[in-house]
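**Q** dropping a prediction and its sequence here:
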Amino acid sequence: MKMNIPLMAALIALSIIVCPVLYFTVGPALDATQLETLKILLIIAGGSAAFCFIVGEATGNNSQMDKLWSLLPIAYTWVIAAKGGMSARLVVMASLATLWGIRLTFNFARKGAYRLKFWEGTEDYRWAIVRSGPAFRKRWAWALFDLGFISIYQNALVLMTTFPALVAMQSSAPFGWVDGIAAALMLGFIIWETVADEQQWAFHSRKHALLADGASLEDLPAPYNKGFNTTGLWGHSRHPNYFAEQAIWVCFYIFSIGAGMGIANWSLIGALLLVVLFQGSSALAEEISGGKYPEYAKYCRSVPRFFPGKRYV
């Protein structure tokens, strides 16, 4: 399985360079309370990164960050809301982040990701495939990737997606119509992603149940004989869940505009990097599916990757 190492390195460099440039050239500058809050968030993120690396390397399960991905934004946004005086805007932002996190945690939990022994649980299948690639034949190469990308970069990215709440802390502007639009859109995309996940879960649960009865994939009734989901939202978008996930954090950024921080401010970096990350993530998922299912290439030619289009037949 190919892994675009230069792209990953470029992502890390982008996060290191662009965010400070935006901060100093576009603003807004953080005040004392925001800087104090940021220090708390960085401590949490640093502890999370150390945990993910140490536990991931010790157990060989590199889904430690996957387990925390849905939980950390909840913690970050409520820390920000508490330090920001629990203003209406910050409470709405934290509440929506919590709703998003509950949905994602539930979806990952039903796949067996969480255990009482926290270091155990089902690992995302893609990590094993990536580890088997030629770039990681040397054990140290994988450890370096685990440290730099999985543990440090992904923790930094999750933190950066919540920066719109951090910049909104200093706002004295009341909760207004821009905030209302951002909240409605974000809620709508959370519902969209929930529907997509449920459709995916139902499809693959039924497919595996049919396969467990001894039938081969080719003998299954349509649409299960394709092997991949083309029903519901998945008939109009190859990754409706990824589409919604990106849109959710773009909507989260809109709250900073409602707070009066301008159409373009440095807190946009999290949403932008998330969009870039999903280009690589979706490409990896499609490479895997294309190698498993003969009809998947036709599906890719007929259906948009993210934004919904004409239904697949």
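**A** Yes, it's here. Since the model is a prediction, treat every value here as computed from it, not as a measurement.

**Q** only C-alpha atoms for contact and neighbour calcs from this point on.
**A** Fine.

**Q** now the element after the top helix by length along the chain, going C-ward?
**A** Counting residues, the longest helix in the chain under DSSP state H turns out to be helix 177-212. Sequence-wise, the next helix or strand downstream of helix 177-212 (DSSP states H and E) is helix 240-258.

**Q** follow the chain on from that next one and name the next helix or strand.
**A** Following helix 240-258 toward the C-terminus (DSSP H and E): helix 269-292.

**Q** got a list of contacts for that following helix?
**A** By Cα atoms under 8 Å, 6 or more residues apart in numbering, the residues outside helix 269-292 that reach it are 3, 11, 15, 18-19, 126, 157-163, 228, 239, 242, 246, 249-250, 253, 296-297.

**Q** and these, which are buried?
**A** Buried members of the contacts of helix 269-292, counted by 16 or more other Cα atoms under 10 Å: 3, 11, 15, 19, 126, 157-163, 228, 239, 242, 246, 249-250, 253, 296.

**Q** list the contacts for the residue nearest to the spatial centre of the chain?
**A** Taking Cα atoms, centre = their mean, the centroid of the chain lies closest to residue 245, which sits 6.4 Å from it. When contacts are counted by Cα under 8 Å, 6+ apart, residue 245 is found next to 189-190, 193.

**Q** try residue 143
**A** Residue 143 neighbours (Cα under 8 Å, 6+ apart): residue 57.

**Q** what helix or strand is it on?
**A** Short version, using DSSP H and E: residue 143 is in helix 139-145.

**Q** would you put the C-alpha positions of the helix or strand that comes right after that helix in CSV?
**A** Downstream of helix 139-145, the next assigned helix or strand under DSSP H and E is helix 154-161. In CSV, the C-alpha atoms belonging to helix 154-161 read as follows (Å, rounded to 0.1, in the frame of the first residue of the first chain):
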residue,chain,number,x,y,z
GLN,A,154,-3.1,14.6,14.5
ASN,A,155,-3.3,15.9,18.0
ALA,A,156,-2.2,19.4,16.8
LEU,A,157,-4.8,19.2,14.0
VAL,A,158,-7.6,18.3,16.4
LEU,A,159,-6.6,21.2,18.7
MET,A,160,-6.5,23.6,15.7
THR,A,161,-10.0,22.7,14.6
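
**Q** who's in contact with the very next helix or strand once past helix 154-161?
**A** Using DSSP H and E, the helix or strand that follows helix 154-161 in sequence is helix 163-168. For helix 163-168, the surrounding residues in contact (Cα under 8 Å, 6+ apart) are 28, 30, 34, 38, 77, 80-81, 90, 93, 252-256, 259, 261, 267-268, 270.

**Q** give me the neighbour count for residue 188.
**A** 15 (other Cα atoms under 10 Å).

**Q** what separation do you get for the closest residue to residue 100 other than its chain neighbours and residue 300?
**A** The shortest distance from residue 100 to any non-neighbouring residue, by Cα to Cα, 6 or more residues apart in numbering, is to residue 190 (6.2 Å). Taking Cα to Cα, to the nearest Å as the measure, residue 190 falls 25 Å from residue 300.

**Q** the two: who's more crowded?
**A** Legend: neighbour count by other Cα under 10 Å for residue 190 and residue 300, higher for residue 190 (24 against 15).

**Q** one step back: ok, now how distant is the residue nearest to residue 100 from residue 29?
**A** 31 Å.

**Q** next one: residue 161
**A** Applying Cα to Cα to residue 161 and residue 29 gives a distance of 18 Å.

**Q** any idea which helix or strand in this structure has the lowest mean pLDDT?
**A** helix 5-25 (a mean of 71; mean pLDDT, DSSP states H and E).

**Q** in the stretch 1-150 of the chain, where is pLDDT below threshold?
**A** 1-9, 11-12, 14-16 (pLDDT under 70).

**Q** if you set the cut-off to 80 instead, what comes out?
**A** Counting by pLDDT under 80, the stretch 1-150 of the chain shows low-confidence ranges at 1-20, 22-24, 27.
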